[in-house]
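In: just a sequence and a predicted model for now, questions to come.
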Amino acid sequence: MHLKVMNNTYFHFLALFFMQRFMVSLAMVGRNLTTDQFALHQFKGHILDPHNVLTNNWTASTYVCKWIGVSCGANHNRVTSLNLANMNLTGTIPPHLGNLSFLLNLDLSSNDFYGHLPKEIEQLRRLRLIELSNNRLNGGIPQTLDMPNLEILSLAYNHLSGQIPSSVFNVSSLKRIFLHSNSLSGSLPDDLCVYLPKLEAFYSRKNELSGSILSSIGKCNNLRYLNLFGNQFNGSIPRNIGNLTNLIELDVGLNNFEGEIPEEIGNLFRLVILDVGHNRLTGQIPASIFNISSLYNNSRVSGNLPPMINVPNLEVLLLWGNNLSGNIPNYISNASMLRFLELGDNYFSGLIPNTLGNLRHLERLVLANNHLTTESATQEWRFISSLTNCENLTGLEVSSNSLKGILPTNFGNLSTSLQMFIASGCELGGNIPLEVGSFCYMLNLDLSNNKLSGSVPATVRGLKNIQALILSANELQGSIPENICALKGLYKLELSFNKFYGPMPACLDNLTSLRHLYLGSNQLSSAIPPTLWSLKDILQLDLSSNYLSVSYPLDAGNFRALTHLNLSRNLLMSDISSTIGGLQTLVSLDLSFNKFYGHIPESIGKLISLVFMDLSNNNLSGVIPKSLEKLSNLDYLNVSFNRLKGEIPTGGCFRNFSGRSFLKNDALCGPPRLLVPPCKSSIHRNSKMTTRLSVLRYGLPAIASLTIIIVLLFCLHRKCRNRNKNTQAVNGELDLKTWRRISHAELLQATDGFGERNMLGSGSFGSVYKGRLLDGTDVAIKVFNLQLEGAFRSFDIECEMMSKILHRNIVKIITCCSNVDFKASRYGYILKTIFLTSYKEST
């Protein structure tokens, strides 16, 4: 019985315990889901969602784990993945993402996130993937990345700066690191491969990293992709790089590496791409290097191509821009899998081998800028015939070689996939083959700077996808075929420096994709078709050195993006429309050697991008607009040989021009440095200034002398008058030298406020008081009553007469005191006037 009770008690205890744990778990799940939901809501509040994907889906009515881009774990029901790649989102990454503590994958790539990476991202210790590439993130990488499960770190194509934190290289689980196309600096740790044993891919191309390649690179046994292109690494390429037998791509181009290409690179049998170009490497190409399938070297290696006996894997061989010389060997055809062969910009000579036709997989062949030749200056190019076997050929470039000869009649038998044929500067003669029209996929056909003659065949209409047709600098003649107007995709048309004659095709406005049109230096005549101005998106237009005319005002204002306009050396006779001021992007304007008349439009001052302007040798009249002073970028100006007049502007860009810009005009004037007469207004101003200077030069000394004489006479007069006064006062009881100014307050104190006990007597116009001054002098003071008629006059007479009288029985006036009380009334001033004399008790 006791045992049964104990069992029941134990059972109830366990049930209570598990029920409590269950309730706690439910509470934890609810709280954690709330935490994740709150973090995602905060994230949503920091971004703009132009397509309203999150706005319409991330709502309270939708379960969090069913939100777009959100995935949750099956066991703990927490957010484990956030994938919002390629959703055109804009904003910052908030720190609240650090609360998604169960997150395994974070992918926000290919959006428009900006700002710094929040340091709270370091809290996501379960993360395996961080994919934030293709955004506008800036600042540095968080210093502490303590994520023991992280396998992929992708921060490429952002604006990150600073050094790569050492914590990145301590995450032993990392397999792939993508940091390319940022502004990261510093060096790589020498022991990188020690702490990243699983590393398979390291991309840091196009940064600012420096230092040498780590000496422990040979220990990265699992490394398959190493791309350090476009940094500032230096030193030599370590030889133990040959230990990376799993390496598929090795790109260390565009750095500052020195020394020779290590022979050990030939051990990398799985290597598909090798780029060591644009460095300072020297020496010869090691023969073992052809064991790989792709080689790109644009350094300064020299010598001949090494033997290529057994090279079954080689697919890409890019050796342009070196110092390689000698003949192109026939055994190059042993690389039967070769798809890309570029040997341009070297010193190869001799014939182009016909064995190139054995490269059946060849897609691109570049032999430009060498010293290659053909058998005869009058024979067809035989190597072209051999290349007809290369059915996959899309690009062929042989320009800048002295090949001479002529194009073969089977030129049209080259691959129908051919997209680019560039043979400029080859001294090529003969005619353009009729078969040229068979290349319906051709994008770029360049036969310029040769000796081609005859006319452009009408078959060019077969070049349905052509984008650039460049036939300039030949001896082509005849009219420009109207079939060209059928080439709807034509972007660039260059026919200049030939002998084309007749009118311009009126259908050129059909070429809506045309951006560059060069017809200069031909013999074209008749009027420029008005339809030409309909090409609103054209960038560069050159019709110079022809016999073209125009019967309407030149109006190029419709060209929205025009940068270069050259109509010089024609027979154009019209005025220049003010609409030309709308060409805000115009950099160069040349209308020289025509018959333009009228004024230079003020609106030209709006061409803020203009660098070059030549309006010389026309019939332009009027003044040079001052608005041209605003053209701050204008480096060259020529308005010579016109009929311009008036003052040449002197401000802004005109400070940099010389007299050569203004030669031979009717009546231009300005400063002497411009080799033109001075302006009349300037002469008038100069004359007035000269007059003023003359007045100042001769008048000031005379005025100063006269002033000095007057001052001397005045001083002499005062001295004589004082001498007479002193003589008259010799016998006086008080010397006039003792006269002084006495204030009204002092007189009040001396007479006890003009009290009655101090009064000595009164007369017709006032009273006399006795007083004692502060210095003890006894005086008699006569105060005039100005209310009485005649008091003013009596004061004046007494002051004048008694000051002059010298008699021992007459009291001497020693001073007069006049105190003015200013009253703001119309009755004027009220004067209290006082005579002050010496006083004696016996008087």
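Out: Looks like it came in fine. Numbering: from 1, shown residues only.
In: which non-adjacent residue is nearest residue 291?
Out: residue 266 (4.9 Å; CB to CB, 6 or more residues apart in numbering). Just so you know, the C-beta spots here come from the backbone N, C-alpha and C atoms, and that holds for glycine as well.
In: swap in residue 36?
Out: residue 79 (4.4 Å).
In: rewinding a little: what residues are up against the residue nearest to residue 291?
Out: Neighbour list for residue 266: 242, 286-292 [criterion: CB atoms under 8 Å, 6 or more residues apart in numbering].
In: residue 113: how many residues sit nearby?
Out: 21 (other CB atoms under 10 Å).
In: oops, could you answer that again for residue 763 instead?
Out: By other CB under 10 Å, the burial measure for residue 763, its neighbour count, is 11.
In: where's the residue minimising distance to the centre of the chain relative to residue 204, distance?
Out: With distances taken as CA atoms, centre = their mean, residue 609 lies nearest the centre of the chain, 13.3 Å away. Separation of residue 609 from residue 204 (CB to CB, to the nearest Å) stands at 38 Å.
In: just the buried residues of stretch 486-500, please?
Out: 486-487, 490-498, 500 (16 or more other CB atoms under 10 Å).
In: before we move on, what about stretch 615-634?
Out: Quick answer for stretch 615-634 (16+ other CB under 10 Å): 615-618, 620-621, 624-631, 634.
In: one more: stretch 137-150?
Out: 137, 141-142, 145, 147, 150.
In: and what of stretch 194-211?
Out: 196, 199-207, 209.
In: just flag the most distant two among those.
Out: 196 and 206 (21.5 Å; CB to CB).
In: go ahead and confirm residue 754 touches residue 766.
Out: No - between residue 754 and residue 766 there is no contact under CB atoms under 8 Å: 10.8 Å.
In: any idea how many residues pack against the spatially closest residue to residue 207 that is not a sequence neighbour?
Out: The shortest distance from residue 207 to any non-neighbouring residue, by CB to CB, 6+ apart, is to residue 184 (4.4 Å). Neighbour count of residue 184, defined by other CB under 10 Å: 22.
In: for residue 184, give me its contacts.
Out: Neighbours of residue 184 in contact, by CB under 8 Å, 6+ apart: 141, 160-164, 204, 207-209.
In: ok, the closest residue to residue 511 other than its chain neighbours - contacts?
Out: In space, residue 511 comes closest to residue 490 once its chain neighbours are excluded; the distance is 5.2 Å by CB to CB, 6+ apart. Applying CB under 8 Å, 6+ apart to residue 490 gives the contacts 466-469, 484, 511, 513-514.
In: show me the strands in the stretch 1-150 of the chain, by range?
Out: 47-48, 70-72, 79-83, 90-92, 105-107, 112-115, 129-131, 136-139 (DSSP state E, counting those that start in this stretch).
In: need the residues that contact the first one.
Out: Contacting residues not belonging to strand 47-48 are listed as 54, 89-92, 113 [CB under 8 Å, 6+ apart].
In: what's residue 37 in contact with, if anything?
Out: residue 64.
In: residue 155 versus that one, what's the distance?
Out: For residue 37, the distance to residue 155 - CB to CB - is 27 Å.
In: mind listing the helices for the stretch 101-250 of the chain?
Out: Ranges of helices in the stretch 101-250 of the chain, per DSSP state H, counting those that start in this stretch, are 192-195.
In: just to revisit the earlier point, double-check that the residue nearest to residue 291 belongs to a helix.
Out: Yes - secondary structure of residue 266 (DSSP: H, G, I helix; E, B strand; the rest coil): part of a helix.
In: and the pLDDT for it?
Out: Listed pLDDT for residue 266 reads 81.
In: one more: residue 29?
Out: 41.
In: let me know the closest of the buried residues of stretch 486-500 to residue 260.
Out: residue 492 (42.3 Å).
In: what sits against that closest one?
Out: Residue 492 neighbours (CB under 8 Å, 6+ apart): 467-470, 514-516.
In: same thing with residue 122?
Out: With the criterion set at CB under 8 Å, 6+ apart, residue 122 makes contact with 98, 142, 144-147.
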